[in-house]
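Peer 1: sequence first, then the predicted structure:
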Amino acid sequence: MGSLPRRTLFALPALLLPHSAAAALPTPFAAVRADAPLRFPRDHGAHPDFRTEWWYVTGWLKSSDGRDLGFQITFFRSRLAVDPANPSAFSPGQIIFAHAGLSDPLAGRLLHDGRIARQGLGLAQAATDDADVAIDEWRLRRLTDGRFTAKAASQSFALDLTFAPTQAVLLQGQGGVSRKGPLTSQASHYYSLPHLAVSGTVTRAGRRQTVAGTAWLDHEWSSTLLDPKAVGWDWVGLNFDDGRALTAFQVRDRTGRAIWAGGSLRAADGQVTILARGDVIFSTERIWRSPRTGGAYPVSRVITIRTPAGPQQFSLTPLFDDQELDSRRTGGPVYWEGAVRTQGGRGYLELTGYVGALKL
């Protein structure tokens, strides 16, 4: 939000919440502050004083046999409303989630899996000095040479990927503070790393193939993200062949009206245009309805942005329609996260709140 408004932790399973959680009086969640500039590598790491946080990597891959694939690897961290002074190792003060998805046209639907665990006890961890978040054998971390690595394996696929930055960190919003609603408190700290060069392997149906491609990493953290009227959001991140990178999002109410919108366009020369509320318009060309959940997703979109050089439009076409991710088994929502093409570029589109309102 990405995501991207984006990318957030969703409703937690009741079994993870202690009976006294509602009555607990925890230390207040940290607030997003404009006078707290982002510093790296520290801010690649976790921010446990904030309520919610995510590291989101999406991208396009080319397999060794020439096929196009899309992938998603996401780690979420959530601080629960329990007493942080509780010395018990079993106190669920921080919960770690992870989602992984593979968009393989030969499968005809999104292959996906998820993990969830409380932090500690050797189950899950999120380092605070640099990017290193893990649940069991699933892991996303930054190496000392600046590259990121990610591993996630399920019964139907496995991802073992390395991401090399080719561009500088892109601070979203004003210096990394990204508004998500009418109130200044409805904001996140948010940065992106577009145009990551990807290498590694994908295992599918017992066959391990080398892959290469381009990816996008979003890292975002907040304590008060969405307006109470919001039911979900649409987000897109696009890597263009000429080096440009577009981020665009809208937060929607129950009628589909945009409560807030924004994003950024970084030119090939590195110049960044910040997109304000009135600079981004999402329109729908075609809707796909899920045969499993009934969710009606606007999978073919036109994004119109207003820039100092004039309006620009980008048509989005999905790699295939059925890229719905149902994460209810691991405490998450149902949403659409899919690889999309546009003129001169590729990226990922995220659609949330189309199967019930999203609860944060």
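Peer 2: Structure's in. What do you need?
Peer 1: quick check: buried residues in stretch 291-307?
Peer 2: Within stretch 291-307, the residues that count as buried by 16 or more other C-beta atoms under 10 Å are 295, 297-301, 303, 305. (Glycine included, C-beta is placed from N, CA and C.)
Peer 1: so, low pLDDT: which residues of the chain?
Peer 2: 1-27, 81-92, 359-360 (pLDDT under 70).
Peer 1: which strand runs longest in it?
Peer 2: strand 187-204 (DSSP state E).
Peer 1: tell me what that one is packed against?
Peer 2: strand 52-63, strand 157-164, strand 170-171, strand 177-179, strand 207-222, strand 232-240, strand 245-252 (3 or more C-beta pairs under 8 Å, 6 or more residues apart in numbering; DSSP states H and E).
Peer 1: the third one: how far from the chain's middle?
Peer 2: Right, strand 170-171. 15 Å (C-alpha atoms, centre = their mean, to the nearest Å).
Peer 1: likewise the first one?
Peer 2: Relative to its parent chain, strand 52-63 has a centroid offset of 7 Å by C-alpha atoms, centre = their mean.
Peer 1: and it, what does it pack against?
Peer 2: strand 68-79, strand 187-204, strand 207-222, strand 334-342, strand 345-351.
Peer 1: got the angle between that strand and strand 232-240?
Peer 2: 40 degrees (axes from the mean of the first three to the mean of the last three C-alpha atoms, to 10 degrees).
Peer 1: using CSV, write out every CA atom in strand 52-63.
Peer 2: What follows is strand 52-63, C-alpha atoms only, in CSV (Å, rounded to 0.1, in the frame of the first residue of the first chain):
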residue,chain,number,x,y,z
THR,A,52,1.1,-3.0,12.2
GLU,A,53,3.9,-3.4,9.7
TRP,A,54,4.6,-5.3,6.4
TRP,A,55,7.4,-6.2,4.1
TYR,A,56,5.9,-6.9,0.6
VAL,A,57,7.8,-8.3,-2.4
THR,A,58,6.0,-8.8,-5.7
GLY,A,59,7.4,-9.3,-9.2
TRP,A,60,7.6,-11.0,-12.6
LEU,A,61,9.8,-13.9,-13.4
LYS,A,62,10.9,-15.6,-16.6
SER,A,63,11.5,-19.3,-16.1
